[in-house]
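>>> dropping the sequence and predicted coords here.
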Amino acid sequence: MKSRLSSMPLAALSAILLLSLPLAANAQTLTILHHFGAAASDGENPEASLTAVGSTLYGATAIGGTNNNGGTVFAINTDGSGYTILHDFGESTELGYLTYDGITPDSPILVGTTLYGTTSRGGTFIGANGTVFAMDTDGSGYTILHSCNSTVSDGANPNSLILVGSNTLYGTSDSGGTNGKGTVFAMDLDGSDYTILHSFGGAANDGIDPAASLTLVGSTLYGTTKSGGANGKGMIFSINLDGSGYTILHEFGAIPNDGSLASARLILVGSNTLYGTTTLGGTLGPGTAFAMNLDGSGYTILHSFGAVAMHDGWQPSALTLVGSTLYGTTQIGSLYGGGTVFAMNLDGSGYTNLYQFGATANDGKHPQASLTLVGSTLYGTTAEGGAYGAGTVFALELPTSPLSGLLQVFLEPGAAAADGAQWQVDDGVLQNSGATVSSVSVGSHPVTFTTITGWTTPANQTVTISAGQTMTVTGTYVSATGGGCTFTLSKTSVILAAKGGSKNVSLKGNGTDCSWTAVSNDPFITITSGSSGTGKGKVDYTVPGNTNTTALSGTMTIAGQTFTVNQATGGCTFKLSPTDEKFKAAGGLATVKVKPNLNDCEWTAVSNDSFITITGGTNGVGSGGVSYMVTPNTATTVVTGTMTIAGETYTVTQAGAK
């Protein structure tokens, strides 16, 4: 279990107008199912995600319980009833010999009728490096399966587990291992065959501190580290189930405004794309959401957190996919500083705050875990806040179908609003006399207009909201039939010659604040500028020469639309200049120029006879040269030899000695 990052102070925020993009819907109502800390024996500070089994949620608290604040595992029904503490950590138990219980549990997972989990501290050995435990869903049969022992290069401070197959648990540990920098480990369900698959920190640029659980794709595990890597800001890695094939896929900090401190699990979307978050970095500093292909290509920052004008959250947790929408939480930030529940599209567009914590005196604050979907409801925890300040379990209904032109107005504390408020543009022309306010909570919740009709001119304009008092806000508006931001590409496809080249495609949005991103879906297409923007813009890209003997076809996704790049059949051919050379018996030096039909054609040069020695240019890409030396001929007969350069035969003829 990781300790929470401390809150960062927020400057006073002015009233703003937010345009919800296609995934937005009615203002969401959050229900608190349980306030932790109601009794002295209750758990406190739930920092872990929930596991859903039917209508029952299982979770863990970092501290609290009856045994010296060792934490708890609890169960609660999805309607908030039946809250039960299943195990209080920190007690001494007799398991054939005196041992000590784990402390500070992480998220348990269910296998059959048994819950398996980890504690980041406690256990048998000196140093209290954590445990792997099992227990029945009613709390009985509690067993410590493994106590981490850093004195024998074991992992220390393990994180959440995943099940692979029917009998094997895989996990990571923050520290420990051969180099003391963390591990990837595997073990059977009964605790046997515990194996360290990788010890981090063994190489100069290896990752350090893998703080999140793993993600399985096929027979490969994917994960992140909080630090280490070439830039010291962490990395994304993959490793096979047997421990082979360890590969660094991305080192954070490699590009401008990249994320850092990745401490949340990755999720797989489709068959080839991983999505994740970092708790620091990005354009503004407090974290990012990103996407990347399984082979490490196509790394893209989807959202940089911390935009004050959006009351954006800071320090995001792991993402949850529902349909084609990503949902997540941020630990701090928002209008009230308590963190958020947010949603966004897979391309990063449509970022929307669904709920901002800290809006009321007893509201939860600082969610640190990912969300869990049951039916049409998202469930989660906050590590603090609630009636007793010790955290909450909450439920949030998924947004319903999108509403065209939905607008949200966030009011500063002290601002007043009234049901039935009207809105108008500053030129005095009333654009919507039928707009109504669906929900008002002065100084806390957003005022949401749910009926938007008659808006026909998308533009950036100043709007006056008459709602008890007048305040001026700005934003981008869309037509009611538009359903949000729409984009038009200057063209949707291109046909290129085999030689490739640099090209561009322009686009327009129906509002100057409509944001968009552009990503390449195929490695032979490289976006050189214009990977994101707002309103109208241009995407520049390059395509190298097609060295294949077949045509190529690939795509880019630009503002959610597909742009297709077709490239003619290629293949490399070469010309040598000269094609042969004659030497006197004394030999000498010479150079052959190599010119391919495409700049990306690779070639090699080898000598086929011992009296010809290549001194430079044994290989190259594109145009180049081969330097060679011919040794003296002491025989009286003419000698002939060859070199093979770029698949072509180059002939050397040397006269005999007199």
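Nice, thanks for sending it over.

>>> please, which helix or strand holds the nearest residue to residue 645 once chain neighbours are set aside?
Distances taken as CB to CB, 6 or more residues apart in numbering place residue 605 nearest to residue 645, at 4.4 Å, with adjacent residues excluded. (C-beta placed from N, C-alpha, C; glycine too.) Using DSSP states H and E, residue 605 falls within strand 602-607.

>>> who are the packing partners of the following helix or strand past that strand?
For strand 602-607, the succeeding helix or strand toward the C-terminus, using DSSP H and E, is strand 612-616. For strand 612-616, the packing partners by 3 or more CB pairs under 8 Å, 6 or more residues apart in numbering; DSSP states H and E come out as strand 602-607, strand 624-630, strand 639-645.

>>> can you put these in a markdown table and add mean pLDDT and distance to residue 214?
A markdown table is the format used below for the helices and strands packed on strand 612-616 (pLDDT from 0 to 100; distance: least, CB to CB, whole Å):
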| stretch | mean pLDDT | distance to residue 214 |
| --- | --- | --- |
| strand 602-607 | 93 | 37 |
| strand 624-630 | 93 | 45 |
| strand 639-645 | 95 | 49 |
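
>>> and those strands: which comes nearest residue 557?
strand 602-607 (30.0 Å; CB to CB).

>>> ok so, going back, just the helices and strands packed on strand 612-616: most buried one?
Mean neighbour count (mean count of other CB atoms under 10 Å) peaks for strand 624-630 among those, with a mean of 19.

>>> dump the helices and strands packed on strand 612-616 into CSV; add distance to residue 110 as well.
Output for the helices and strands packed on strand 612-616, formatted as CSV (distance: least, CB to CB, whole Å):
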stretch, distance to residue 110
strand 602-607, 53
strand 624-630, 61
strand 639-645, 64
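
>>> out of these, which gets nearest to residue 139?
Comparing those under CB to CB, the one sitting nearest is strand 602-607, at 64.1 Å.

>>> for that closest one, packing partners?
By 3+ CB pairs under 8 Å, 6+ apart, strand 602-607 packs against strand 588-596, strand 612-616, strand 619-621, strand 624-630, strand 639-645.

>>> could you list the alpha-carbon positions for the fourth one in PDB?
The C-alpha coordinates for strand 624-630 follow below in PDB (Å, rounded to 0.1, in the frame of the first residue of the first chain):
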ATOM      1  CA  GLY A 624      27.000   6.500 -49.700                       C
ATOM      2  CA  GLY A 625      30.400   5.300 -50.800                       C
ATOM      3  CA  VAL A 626      32.600   2.300 -50.400                       C
ATOM      4  CA  SER A 627      36.400   2.900 -50.000                       C
ATOM      5  CA  TYR A 628      38.800   0.100 -50.800                       C
ATOM      6  CA  MET A 629      42.400  -0.800 -51.200                       C
ATOM      7  CA  VAL A 630      44.100  -3.100 -53.800                       C
END
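
>>> chain center to that strand, what's the gap?
Counting by CA atoms, centre = their mean, to the nearest Å, strand 624-630 is centred 49 Å from the centre of its parent chain.

>>> quick check: buried residues in stretch 185-205?
185, 186, 187, 189, 191, 194, 196, 197, 198, 199, 200, 201 (16 or more other CB atoms under 10 Å).

>>> of all those residues, which comes closest to residue 74?
Nearest to residue 74 out of the buried residues of stretch 185-205 is residue 189 (CB to CB; 22.6 Å).

>>> which one is the closest one nearest to, not counting chain neighbours?
Using CB to CB, 6+ apart, the closest residue to residue 189 is residue 167 (5.3 Å).

>>> can you give me the neighbour number for the one you found?
13 (other CB atoms under 10 Å).

>>> how near is it to residue 116?
Applying CB to CB, to the nearest Å, the value for residue 167 to residue 116 is 12 Å.

>>> which residues do those two both contact?
Shared contacts of residue 167 and residue 116 (CB atoms under 8 Å, 6 or more residues apart in numbering): residue 189.

>>> any stretches of this structure with poor pLDDT?
1-28, 91-99, 126, 308-310, 400-485, 510-513 (pLDDT under 70).

>>> how is it divided into domains?
What automatic domain parsing lists as the domains of the chain is 12-28+403-484, 487-567, 574-654.

>>> the second one spans what distance, first to last residue?
The first and last residues of domain 487-567 sit 25 Å apart, counting by CA to CA, to the nearest Å.

>>> what's near enough to touch the residue most central in space within the chain?
The structure's the chain has its C-alpha centroid closest to residue 276; by CA atoms, centre = their mean the separation is 2.0 Å. With contact taken as CB under 8 Å, 6+ apart, residue 276 is in contact with 224, 236, 262, 264, 265, 266, 267, 289, 290, 292, 318, 319.

>>> let me know the next secondary structure element after the helix or strand in which it is found.
Element membership for residue 276 (DSSP H and E) is strand 273-278. Next along the chain after strand 273-278, taking DSSP H and E as the criterion, comes strand 280-281.

>>> give me the helices and strands touching the helix or strand just after that following strand, please.
Counting by DSSP H and E, the next helix or strand C-terminal to strand 280-281 is strand 288-293. On a contact count with 3+ CB pairs under 8 Å, 6+ apart, strand 288-293 meets strand 273-278, strand 300-304.

>>> just so I know, which of these lies nearest residue 633?
strand 300-304 (61.2 Å).

>>> can you give me how far the helix or strand that the closest one is followed by is from the chain middle?
Per DSSP H and E, the first helix or strand lying C-terminal to strand 300-304 is strand 313-316. Offset of strand 313-316 from its chain centre (CA atoms, centre = their mean): 13 Å.

>>> stretch 114-125 now?
28 Å.

>>> is residue 316 in contact with residue 305, as I believe?
Yes: between residue 316 and residue 305 there is a contact at 5.9 Å, judged by CB atoms under 8 Å.

>>> part of a strand, is residue 151?
No: Residue 151: not assigned to a strand; according to DSSP: H, G, I helix; E, B strand; the rest coil it is helix.

>>> quick revisit: and which of the buried residues of stretch 185-205 is nearest residue 108?
residue 189 (13.5 Å).

>>> surely that closest one and residue 109 touch.
No: the criterion here is CB under 8 Å, and residue 189 misses it with residue 109 at 11.2 Å.

>>> need the overlap of contacts for those two.
Joint contacts of residue 189 and residue 109 (CB under 8 Å, 6+ apart) are residue 116.

>>> re earlier: now the residue nearest to residue 189: how far from residue 42?
Where residue 42 is concerned, residue 167 sits at a distance of 35 Å (CB to CB).

>>> to residue 590, which of the helices and strands packed on strand 612-616 lies closest?
Of these, nearest to residue 590 by CB to CB is strand 624-630, at 6.2 Å.
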